[in-house]
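**Q** here you go, sequence then predicted model.
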Amino acid sequence: MSTRTWLAFFLLFSVIVGVTALGAPLHVIVDFSALLILVGALLGGTLLAYSTGEVRRLLRAWTTPGPMEPVLALGAAALFRRLSGLSIGAGMVGLLVGLVPMIANLDDPTLTGPAMAVAVLSLLYGVVLSELVFRPVMADCLGRGRLSPENSTPDTLRKGVRS
(Lines give C-alpha, C1' and ligand atoms only; values in the text may rest on other atoms or scores of the structure.)
Protein backbone atom coordinates (compact mmCIF):
# COMPACT_ATOMS: atom_id res chain seq x y z
CA MET A 1 0.00 0.00 0.00
CA SER A 2 1.15 3.48 -0.74
CA THR A 3 1.90 6.14 1.83
CA ARG A 4 -1.12 8.03 0.52
CA THR A 5 -3.39 5.07 1.36
CA TRP A 6 -2.01 4.75 4.90
CA LEU A 7 -2.36 8.50 5.42
CA ALA A 8 -5.96 8.42 4.16
CA PHE A 9 -6.86 5.57 6.55
CA PHE A 10 -5.15 7.32 9.45
CA LEU A 11 -7.00 10.59 8.77
CA LEU A 12 -10.31 8.82 8.29
CA PHE A 13 -10.16 6.96 11.57
CA SER A 14 -8.71 9.96 13.42
CA VAL A 15 -11.68 12.07 12.36
CA ILE A 16 -14.17 9.34 13.32
CA VAL A 17 -12.55 8.79 16.72
CA GLY A 18 -12.13 12.54 17.31
CA VAL A 19 -15.73 13.41 16.51
CA THR A 20 -16.98 10.51 18.58
CA ALA A 21 -14.82 11.48 21.54
CA LEU A 22 -16.31 14.97 21.49
CA GLY A 23 -19.83 13.61 21.90
CA ALA A 24 -19.29 10.56 24.11
CA PRO A 25 -16.57 8.31 25.48
CA LEU A 26 -15.06 6.01 22.89
CA HIS A 27 -16.18 2.82 24.65
CA VAL A 28 -19.79 3.83 24.02
CA ILE A 29 -19.49 3.23 20.26
CA VAL A 30 -17.75 -0.14 20.57
CA ASP A 31 -20.10 -3.11 20.75
CA PHE A 32 -18.56 -6.55 20.45
CA SER A 33 -21.81 -8.24 19.41
CA ALA A 34 -22.17 -5.85 16.47
CA LEU A 35 -18.50 -6.32 15.54
CA LEU A 36 -18.88 -10.09 15.72
CA ILE A 37 -21.92 -10.03 13.40
CA LEU A 38 -20.05 -7.86 10.91
CA VAL A 39 -16.76 -9.77 10.96
CA GLY A 40 -18.55 -13.13 10.76
CA ALA A 41 -20.61 -12.05 7.76
CA LEU A 42 -17.59 -10.55 5.99
CA LEU A 43 -15.43 -13.63 6.50
CA GLY A 44 -18.20 -16.09 5.69
CA GLY A 45 -19.42 -14.21 2.62
CA THR A 46 -15.91 -13.77 1.29
CA LEU A 47 -14.95 -17.40 1.78
CA LEU A 48 -18.16 -18.52 0.08
CA ALA A 49 -17.31 -16.46 -3.01
CA TYR A 50 -13.50 -16.82 -3.11
CA SER A 51 -10.95 -19.43 -2.21
CA THR A 52 -8.40 -18.46 0.42
CA GLY A 53 -5.71 -18.58 -2.27
CA GLU A 54 -7.61 -16.07 -4.40
CA VAL A 55 -8.12 -13.76 -1.44
CA ARG A 56 -4.43 -13.94 -0.53
CA ARG A 57 -3.36 -13.28 -4.14
CA LEU A 58 -5.69 -10.29 -4.53
CA LEU A 59 -4.79 -8.78 -1.14
CA ARG A 60 -1.09 -9.22 -1.91
CA ALA A 61 -1.60 -7.44 -5.24
CA TRP A 62 -3.38 -4.58 -3.49
CA THR A 63 -0.76 -4.20 -0.74
CA THR A 64 2.12 -4.20 -3.23
CA PRO A 65 2.99 -0.58 -4.08
CA GLY A 66 2.97 0.71 -7.63
CA PRO A 67 0.83 -0.04 -10.66
CA MET A 68 -1.16 -3.26 -10.85
CA GLU A 69 -1.73 -5.52 -13.82
CA PRO A 70 -5.23 -4.83 -15.19
CA VAL A 71 -6.42 -8.39 -14.53
CA LEU A 72 -5.24 -8.28 -10.91
CA ALA A 73 -6.69 -4.78 -10.50
CA LEU A 74 -10.07 -6.00 -11.73
CA GLY A 75 -9.90 -9.01 -9.42
CA ALA A 76 -8.96 -6.93 -6.39
CA ALA A 77 -11.64 -4.36 -7.23
CA ALA A 78 -14.22 -7.16 -7.46
CA LEU A 79 -13.13 -8.48 -4.06
CA PHE A 80 -13.50 -5.07 -2.41
CA ARG A 81 -16.80 -4.49 -4.21
CA ARG A 82 -18.01 -7.78 -2.72
CA LEU A 83 -16.79 -6.74 0.74
CA SER A 84 -18.59 -3.42 0.37
CA GLY A 85 -21.88 -5.15 -0.39
CA LEU A 86 -21.36 -7.70 2.37
CA SER A 87 -20.68 -5.04 4.98
CA ILE A 88 -23.93 -3.22 4.16
CA GLY A 89 -25.81 -6.53 4.27
CA ALA A 90 -24.17 -7.51 7.56
CA GLY A 91 -25.10 -4.14 9.03
CA MET A 92 -28.73 -4.73 8.05
CA VAL A 93 -28.67 -8.22 9.56
CA GLY A 94 -27.20 -6.78 12.75
CA LEU A 95 -29.96 -4.17 12.77
CA LEU A 96 -32.59 -6.89 12.63
CA VAL A 97 -30.78 -9.06 15.17
CA GLY A 98 -30.77 -6.11 17.58
CA LEU A 99 -34.34 -5.04 16.91
CA VAL A 100 -35.89 -8.42 17.72
CA PRO A 101 -34.78 -8.55 21.39
CA MET A 102 -35.38 -4.81 21.71
CA ILE A 103 -39.01 -5.14 20.68
CA ALA A 104 -39.43 -8.30 22.75
CA ASN A 105 -38.25 -6.45 25.88
CA LEU A 106 -39.89 -3.06 25.50
CA ASP A 107 -41.23 -3.29 29.06
CA ASP A 108 -37.70 -3.56 30.52
CA PRO A 109 -35.51 -0.53 29.68
CA THR A 110 -32.37 -2.24 31.00
CA LEU A 111 -32.64 -4.82 28.20
CA THR A 112 -33.83 -2.42 25.50
CA GLY A 113 -30.68 -0.26 25.51
CA PRO A 114 -28.10 -2.98 24.81
CA ALA A 115 -30.27 -4.48 22.07
CA MET A 116 -30.66 -1.07 20.47
CA ALA A 117 -26.89 -0.59 20.63
CA VAL A 118 -26.35 -3.81 18.66
CA ALA A 119 -28.95 -2.72 16.11
CA VAL A 120 -27.65 0.78 15.49
CA LEU A 121 -23.93 0.12 15.83
CA SER A 122 -23.86 -2.86 13.48
CA LEU A 123 -25.53 -0.72 10.83
CA LEU A 124 -23.05 2.09 11.51
CA TYR A 125 -20.08 -0.27 11.27
CA GLY A 126 -21.39 -1.73 8.01
CA VAL A 127 -21.90 1.66 6.37
CA VAL A 128 -18.54 3.01 7.54
CA LEU A 129 -16.68 -0.05 6.26
CA SER A 130 -18.52 -0.06 2.96
CA GLU A 131 -18.42 3.61 2.08
CA LEU A 132 -15.24 4.77 3.80
CA VAL A 133 -12.98 1.73 3.47
CA PHE A 134 -13.97 -0.83 0.83
CA ARG A 135 -15.24 1.51 -1.90
CA PRO A 136 -12.19 3.80 -1.79
CA VAL A 137 -9.91 0.75 -1.86
CA MET A 138 -11.84 -0.55 -4.88
CA ALA A 139 -11.33 2.79 -6.62
CA ASP A 140 -7.63 2.67 -5.71
CA CYS A 141 -7.30 -0.78 -7.30
CA LEU A 142 -8.98 0.42 -10.49
CA GLY A 143 -6.77 3.52 -10.59
CA ARG A 144 -3.59 1.52 -10.07
CA GLY A 145 -4.65 -0.83 -12.86
CA ARG A 146 -5.16 2.19 -15.11
CA LEU A 147 -8.84 1.32 -15.46
CA SER A 148 -11.74 3.72 -15.61
CA PRO A 149 -15.23 3.16 -14.18
CA GLU A 150 -16.52 2.72 -17.74
CA ASN A 151 -14.53 -0.46 -18.31
CA SER A 152 -15.08 -1.80 -14.80
CA THR A 153 -18.71 -2.85 -14.99
CA PRO A 154 -19.88 -5.75 -12.79
CA ASP A 155 -19.51 -8.16 -15.74
CA THR A 156 -15.94 -6.99 -16.34
CA LEU A 157 -15.18 -7.27 -12.61
CA ARG A 158 -16.46 -10.86 -12.53
CA LYS A 159 -14.29 -11.76 -15.54
CA GLY A 160 -11.24 -10.24 -13.83
CA VAL A 161 -11.70 -12.37 -10.73
CA ARG A 162 -11.87 -15.62 -12.64
CA SER A 163 -8.86 -14.86 -14.89
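**A** Here it is on my side, so go on. Small disclaimer: the values here were computed from a predicted structure and weren't measured. Numbering: from 1, shown residues only.
**Q** Ala73 - nearest residue in space that isn't next to it in sequence?
**A** Of all residues not flanking Ala73 in the chain, Gly145 sits nearest, at 2.2 Å (C-beta to C-beta, 6 or more residues apart in numbering). The C-beta positions use only the backbone N, C-alpha and C, and glycine is treated the same way.
**Q** Gly94 versus that neighbour, what's the distance?
**A** Distance of Gly145 to Gly94, computed by C-beta to C-beta, to the nearest Å: 33 Å.
**Q** which one of the two is surrounded by more residues?
**A** Each of Gly145 and Gly94 has its neighbours counted (other C-beta atoms under 10 Å); Gly94 has more, 28 against 23.
**Q** wait, isn't the more buried one in contact with Val118?
**A** Yes. Using C-beta atoms under 8 Å, Gly94 makes contact with Val118 at a distance of 6.3 Å.
**Q** and for those two, which residues touch both?
**A** 34, 37 (C-beta atoms under 8 Å, 6 or more residues apart in numbering).
**Q** name the SS class of Phe10, please.
**A** helix (DSSP: H, G, I helix; E, B strand; the rest coil).
**Q** okay, now the unreliable bits of this structure?
**A** Residue ranges of the chain with pLDDT under 70: 1-2, 19-21, 24-26, 148-163.
**Q** what's the nearest residue to the residue nearest the centre of it if we skip its chain neighbours?
**A** For the chain, Leu129 is the residue whose C-alpha lies nearest the centre (C-alpha atoms, centre = their mean; 3.4 Å). Leaving aside its sequence neighbours, Leu129 sits nearest to Ser87 (C-beta to C-beta, 6+ apart; 4.1 Å).
**Q** quickly note the distance from that neighbour to Ala41.
**A** Distance from Ser87 to Ala41, by C-beta to C-beta: 8 Å.
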